[in-house]
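> this one's structure only:
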């Protein structure tokens, strides 16, 4: 029930291990196979922990629901084999342009009890029940779905484009069938094709920042991005960043970045900012 989703609602938590098997699934879902992951778990290994509670914070109208925005704060890396605890809460609700938004905050706790990661997931739901296709492949071609980012001066950081295959979707969003892995289930929720889970583009972007900044991303990295267009299965996307400035932070330096992911035709699917220590 919509009235059961309120700010301050405690969603509970779980315990996990950052084991090699979980990392292997992450690598299969992202094609990010950094040798660093033999010692340190990927920074966003538990990217979808918020969705393990979705029955407690999702609104009832699932047709056309979209991951709209994501915030990450990283405080410490998790070593392979370490056990972690999670806790999640509803921290915000708001309405905008005929959509209702719920924000779920997820905390990951390291073995010593310290916070290793904080994530805030903004999920949007249609305020009124839609019929048929509510988000089609033509939407991203509209002028209001074009986003300018990365122009001007600054050091460019980029990864090679990668095609998002069905096998990646099943590894990343499985093992159960859902609208991220099954075309018919996607159509039932108002989409013409399999919707690549929004977290995948964010993990690919995190992989780029891990390769560029290493420990400086794991300890003190931040990301605040909007998911502005849908990635469909078989799309190719590339993660990119541009260093806007470097500012002193104690004895370290923080790189302030524009970050985005784009399709081969330049369509932006994620836009926003990030920062990491250098």
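Received, thanks. Model, not experiment: these values are computed from the prediction.

> Ramachandran coordinates for residue 104?
phi -110, psi 120 (degrees, to the nearest 10).

> pLDDT score assigned to it?
Note for residue 104: predicted pLDDT of 98.

> ok, now which ones touch it?
Contacts for residue 104 (CB atoms under 8 Å, 6 or more residues apart in numbering) come out as 11, 50, 53, 57, 88, 89, 90, 91, 120, 121, 123. Where C-beta positions appear, they are placed from N, C-alpha and C, glycine not excepted.

> Doesn't residue 261 lie inside a helix?
No. With DSSP: H, G, I helix; E, B strand; the rest coil as the criterion, residue 261 is assigned strand and is not in a helix.

> Just the helices from the stretch 1-150 of the chain, written as ranges.
20-30, 54-57 (DSSP state H, counting those that start in this stretch).

> go on, the stretch 151-278 of the chain?
For the stretch 151-278 of the chain, the helices defined by DSSP H, counting those that start in this stretch occupy 166-173, 183-188, 198-213, 215-218.

> I'd like these as JSON lines, with mean pLDDT appended.
JSON lines is the format used below for these (pLDDT from 0 to 100):
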{"stretch": "helix 166-173", "mean pLDDT": "97"}
{"stretch": "helix 183-188", "mean pLDDT": "94"}
{"stretch": "helix 198-213", "mean pLDDT": "98"}
{"stretch": "helix 215-218", "mean pLDDT": "97"}
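
> how about those helices in CSV, adding distance to residue 43?
Shown next, in CSV, are the helices of the stretch 151-278 of the chain (distance: least, CB to CB, whole Å):
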stretch, distance to residue 43
helix 166-173, 16
helix 183-188, 28
helix 198-213, 5
helix 215-218, 6
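
> Just name the most buried of those helices.
Comparing these by mean neighbour count (mean count of other CB atoms under 10 Å), helix 198-213 ranks first with a mean of 23.

> low-confidence ranges in the stretch 51-200 of the chain?
In the predicted model of the stretch 51-200 of the chain, residues 130-132 satisfy pLDDT under 70.

> at 90 what do you get?
61-62, 64, 97-98, 127-141, 143-144, 150-153 (pLDDT under 90).

> What is the burial count for the residue lying closest to residue 164 once chain neighbours are set aside?
Of all residues not flanking residue 164 in the chain, residue 196 sits nearest, at 5.1 Å (CB to CB, 6 or more residues apart in numbering). Other residues near residue 196 come to 25 when the count uses other CB atoms under 10 Å.

> That'll do, ta.
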